[in-house]
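Visitor: got a structure for you, letters missing:
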């Protein structure tokens, strides 16, 4: 898949821009705070309808403007064109259209335009708290399995409603197991589907990840990622039954604390390099290399399962990496589909690249001739 063109109106500091992209590598070059990352964010939004930088859509509307509009023309690997228009206004919120038809259920759109990203914001995946890692896997799996996103939305809705009941019981110092049991049954049913898919896709991703990391480091370092579910089970176990049993066992604790203590909303994922936990012992350079390897592993996994090449976004590639590792990453990227990268200047490693170069200054984008 590739994006051929992008039109922006009042999106952050990009007030009126129309850009034609190259089919392979595209470099956005400019000083900090000029709009390079905003361009990546706009492409990401068209593919997933959510930003990788904020949970508040209206933050991206330019100052004094009423709305932003992002338009993108894509071509799928089978040759089919896709015209995406995403608008967000202060009054009406966000609206999405695909080939001039309004998309009413975003969950039915996610995965049609696969995309992966590595950016400084993504450091939270390896150094941050568990919710950041769950978010990463939720986005990845949702692009591969549409049912997963439906399960996730339903599960989180039930957790929120059950938590409200538990909080009320905590305050009133009362409880009624008959009221909570239907919620627990549904939590176990939906939660088991989420746990199963996280387990399966983590394993599939790990097969690509270790191989790619080894190719980028040219060492014998071994990178592993493991799924750490909040619920303990064996692969052959009946996850739904174990989940329901644990909910019943921990009900008194949940009532005492007023929160849901058991389930995939408390899962984590652990990265290790040579059996040492990356979060505790990894250098900044290791974290950066792992995150780029992670994006490339996502690319390989999505392509292998969907037969569609995702777009790759890499923000600030050239910081915290040595010259040799930059070369290895750029070489690997030549074996992928369309790529968008940002940097403050044209590096020696990229000067002879067969690529499109765009210079970004104060929200204006100019292509190098």
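Guide: Alright, I've got the coordinates. Everything quoted here is computed from the prediction, not taken from an experiment. Residues are numbered from 1 along each chain as shown.

Visitor: Only C-alpha atoms from now on, for both contacts and neighbour counts.
Guide: Noted.

Visitor: now the helices for the stretch 1-150 of the chain?
Guide: Remark: helices assigned in the stretch 1-150 of the chain by DSSP state H, counting those that start in this stretch are 36-48, 123-127, 130-144, 146-172.

Visitor: Could you say which of the ones you listed is packed most deeply?
Guide: helix 36-48 (a mean of 22; mean count of other CA atoms under 10 Å).

Visitor: Just put the helices of the stretch 1-150 of the chain in CSV and tack on distance to residue 3.
Guide: Shown next, in CSV, are these (distance: least, CA to CA, whole Å):
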stretch, distance to residue 3
helix 36-48, 8
helix 123-127, 26
helix 130-144, 17
helix 146-172, 22
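
Visitor: Could you dump those into a markdown table with distance to residue 271 and mean pLDDT added?
Guide: Output for the helices of the stretch 1-150 of the chain, formatted as a markdown table (distance: least, CA to CA, whole Å; pLDDT from 0 to 100):
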| stretch | distance to residue 271 | mean pLDDT |
| --- | --- | --- |
| helix 36-48 | 25 | 98 |
| helix 123-127 | 7 | 95 |
| helix 130-144 | 10 | 98 |
| helix 146-172 | 23 | 96 |
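
Visitor: Those: which one's closest to residue 95?
Guide: helix 36-48 (11.1 Å; CA to CA).

Visitor: From the chain's centroid, how far away is the closest one?
Guide: 12 Å (CA atoms, centre = their mean, to the nearest Å).

Visitor: quick one, it and helix 130-144 angle?
Guide: On the basis of axes from the mean of the first three to the mean of the last three CA atoms, to 10 degrees, helix 36-48 is oriented at 50 degrees to helix 130-144.

Visitor: Just the helices from the stretch 251-369 of the chain, written as ranges.
Guide: Per DSSP H, counting those that start in this stretch, the stretch 251-369 of the chain carries helices over the ranges 251-257, 278-281, 284-306, 323-333.

Visitor: Out of those helices, which gets the lowest mean score?
Guide: Ranked by mean pLDDT, these end with helix 323-333 in last place, scoring a mean of 90.

Visitor: what separates that one from the chain centre, distance-wise?
Guide: 23 Å.

Visitor: now for it, which elements pack on it?
Guide: helix 177-217 (3 or more CA pairs under 8 Å, 6 or more residues apart in numbering; DSSP states H and E).

Visitor: Which is the succeeding secondary structure element to the helix it packs on?
Guide: Of the helices and strands lying after helix 177-217 in sequence (DSSP states H and E), the nearest is strand 223-228.

Visitor: Out of the helices of the stretch 1-150 of the chain, the one nearest residue 214 is which?
Guide: The nearest among these, by CA to CA, is helix 123-127 at 17.9 Å.

Visitor: ok, and what's touching that closest one?
Guide: By CA atoms under 8 Å, 6 or more residues apart in numbering, the residues outside helix 123-127 that reach it are 132-133, 136, 271, 278-280, 287-288, 291.

Visitor: can you rerun that using 7 Å?
Guide: Contact with helix 123-127 is made by 132-133, 279, 287, as judged by CA atoms under 7 Å, 6 or more residues apart in numbering.

Visitor: could those residues go into a markdown table alongside distance to residue 220?
Guide: As requested, the contacts of helix 123-127 are exported to a markdown table (distance: CA to CA, whole Å):
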| residue | distance to residue 220 |
| --- | --- |
| 132 | 28 |
| 133 | 25 |
| 279 | 20 |
| 287 | 17 |
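
Visitor: Now the helices of the stretch 251-369 of the chain in TSV, please, with extra columns for mean neighbour count and distance to residue 168.
Guide: Listed next are the helices of the stretch 251-369 of the chain as TSV, based on neighbours: other CA atoms under 10 Å; distance: least, CA to CA, whole Å:
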stretch	mean neighbour count	distance to residue 168
helix 251-257	17	9
helix 278-281	16	37
helix 284-306	20	42
helix 323-333	15	53
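
Visitor: any idea of the mean pLDDT for stretch 103-122?
Guide: Taken as a whole, stretch 103-122 has a mean pLDDT of 94.

Visitor: now do stretch 175-184
Guide: For stretch 175-184, the per-residue pLDDT averages 92.

Visitor: for stretch 355-369, same thing?
Guide: pLDDT averaged over stretch 355-369 gives 93.

Visitor: And it, how far out from the chain middle?
Guide: Taking mean C-alpha positions (CA atoms, centre = their mean), stretch 355-369 and its chain are 26 Å apart.

Visitor: what's the distance between the residue nearest to residue 187 when sequence neighbours are not counted and residue 195?
Guide: Spatial nearest neighbour of residue 187, chain neighbours left out: residue 155 (6.4 Å); criterion: CA to CA, 6 or more residues apart in numbering. For residue 155, the distance to residue 195 equals 11 Å [CA to CA, to the nearest Å].

Visitor: Could you do residue 205 as well?
Guide: 15 Å.
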